[in-house]
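Trainee: Pasting a predicted model and its sequence here:
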Amino acid sequence: MFELKGKTVLITGGGGGIGGGMAHAFAERGANIVLADINVSYAQEEAAKLPDGTVVQTVSLDVASLDSWMKASEHVLARFGTVDVLCNNAGVSTGFMPLVDVPPELFERVMAVNVTGVFNGIKTFAPSMIARRRGYIVNTSSMNGLNPFGSFAAYSGSKFAVLGMSDALREELAPFGVGVSTLFPGLTRSRMSQNDAGKAAEVDPARLAAIQANMMDPVWLGRAVVHAVEHGEPYIVTHPGYRATLAERHDRIMAAFGEPAQPGYSVSGSATLR
Ligand SMILES: NC(=O)c1ccc[n+]([C@@H]2O[C@H](COP(=O)([O-])OP(=O)(O)OC[C@H]3O[C@@H](n4cnc5c(N)ncnc54)[C@H](O)[C@@H]3O)[C@@H](O)[C@H]2O)c1
């Protein structure tokens, strides 16, 4: 079991709904909390909501910039010495927008924050975890990273990348005793989801109340993340209602595994690019 009391947990997008929920849940375990956000005032708002007695630091961080990570890590290491748990959680969404309508700059920003941002966090803190042979990384994907649906194509692409990177990273870091989990939130209360709900309501105002009523309270996602870190669970699914849709998608993919395209072709285990 990964003991969290007195450990330092850095959460990117820590000023947001899910980041704040994670912070609360780790604070309930007695961890020191670092809330890193491109908008420090958001991080300060979340810091003020943490349980009394929580040791908390807020830092300015643009996850898309490795230079910004270096500066933020100097502040954090000066205060706490190490980061034991890194939650790569910052993310941005295009909202309901068909892929052909996504401006190239927006596509690049989504990838820079949601994908490169995760890579930059790993580059900054995984080497010291490997050296200590102890640590944990949680990457926030999305249900859109398992179940893509039209109108969120760019966002889904970024969240699939988070899943692929995390699964491969888990294999790479396991020999060093460093754990990796992926969080797949469904609809959860946050600035992003409120904003996306507003865009949906522009198309169909009747949907707004239903969408808002379905938003999970982020502290429960935080508690699921804490449980996964403590018990080394690779996948964190907080909204199991999407199970049937995912099973159908996997069935469609499995059904495509038939005969090789080249008659008689077969590959032995040692010849794969692993
Ligand atoms: N809320 C949902 O329903 C939902 C569902 C699935 C996945 N997610 C994912 O959860 C994560 C958290 O989102 P949220 O819902 O809490 O939204 P949110 O908008 O409340 O929080 C996101 C936070 O990230 C910060 N941020 C944005 N760009 C940044 C950058 N470049 N560097 C550092 N911080 C940056 C924002 O300032 C904000 O505080 C995201 O990765 C999002 O894609 C959310």
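Mentor: Looks like it arrived, so ask away. Numbering: from 1, shown residues only.
Trainee: need the next SSE after the helix or strand harbouring Val225, C-terminal direction.
Mentor: Assigned by DSSP states H and E, Val225 falls within helix 218-231. Next along the chain after helix 218-231, taking DSSP H and E as the criterion, comes strand 235-237.
Trainee: Tell me the buried residues in that next one?
Mentor: Across strand 235-237, burial judged by 16 or more other CB atoms under 10 Å covers Ile236, Val237. To be clear about C-beta, it is placed using only N, CA and C from the backbone, and glycine gets the same treatment.
Trainee: Could you list the paired strands of that strand along with their orientation?
Mentor: Here strand 235-237 is paired, per DSSP bridges, with strand 178-184 (parallel).
Trainee: the inter-axis angle of the strand it pairs with versus helix 218-231?
Mentor: With axes from the mean of the first three to the mean of the last three CA atoms, to 10 degrees defining the directions, strand 178-184 sits at 150 degrees from helix 218-231.
Trainee: Does the ligand have contacts with strand 178-184?
Mentor: No - using CB under 6 Å from any ligand atom, we find that strand 178-184 stays clear of the ligand, coming within 7.4 Å at best.
Trainee: okay but Asp99 is in contact with Tyr155, surely?
Mentor: Not Asp; residue 99 is Leu. No - counting by CB atoms under 8 Å, Leu99 sits too far from Tyr155 to count as a contact (10.0 Å).
Trainee: More neighbours: which of those two?
Mentor: Each of Leu99 and Tyr155 has its neighbours counted (other CB atoms under 10 Å); Tyr155 has more, 26 against 15.
Trainee: where's the more buried one, which helix or strand?
Mentor: Short version, using DSSP H and E: Tyr155 is in helix 153-173.
Trainee: elements contacting that helix?
Mentor: helix 104-111, helix 117-132, strand 135-140, strand 178-184 (3 or more CB pairs under 8 Å, 6 or more residues apart in numbering; DSSP states H and E).
Trainee: Among the ones you listed, show me which one is buried the most.
Mentor: Among the helices and strands packed on helix 153-173, strand 135-140 has the highest mean neighbour count (mean count of other CB atoms under 10 Å), at a mean of 26.
Trainee: what mean pLDDT would you report for that strand?
Mentor: In this model, strand 135-140 has a mean pLDDT of 98.
Trainee: List of residues touching it?
Mentor: Residues outside strand 135-140 that contact it (CB atoms under 8 Å, 6 or more residues apart in numbering): 2, 13, 18, 22, 83-89, 91, 118, 121-122, 125-126, 128-129, 162, 165-166, 169, 173, 177-183, 185, 225, 228-229, 236.
Trainee: Quick check: can you name the pairing partners of it and their directions?
Mentor: Sheet partners by DSSP bridges: for strand 135-140, these are strand 85-88 (parallel), strand 178-184 (parallel).
Trainee: Would you format those strands as TSV with mean pLDDT included?
Mentor: Output for those, formatted as TSV (pLDDT from 0 to 100):
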stretch	mean pLDDT
strand 85-88	99
strand 178-184	98
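Trainee: Give the helix, strand or coil label for Val9.
Mentor: On the three-state scheme (DSSP: H, G, I helix; E, B strand; the rest coil), Val9 is labelled strand.
Trainee: right, and it touches Val85 too?
Mentor: Yes - because the distance of 4.3 Å satisfies CB under 8 Å, Val9 is recorded as touching Val85.
Trainee: Could you pull out the residues contacting both of these two?
Mentor: Phe26, Ala31.
Trainee: Including distance to Ala200, could the strands paired with strand 135-140 go into CSV?
Mentor: Formatted as CSV, those follow (distance: least, CB to CB, whole Å):
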stretch, distance to Ala200
strand 85-88, 27
strand 178-184, 20
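Trainee: Low-confidence stretches in the protein?
Mentor: Scanning the chain for pLDDT under 70 picks out 269, 271-274.
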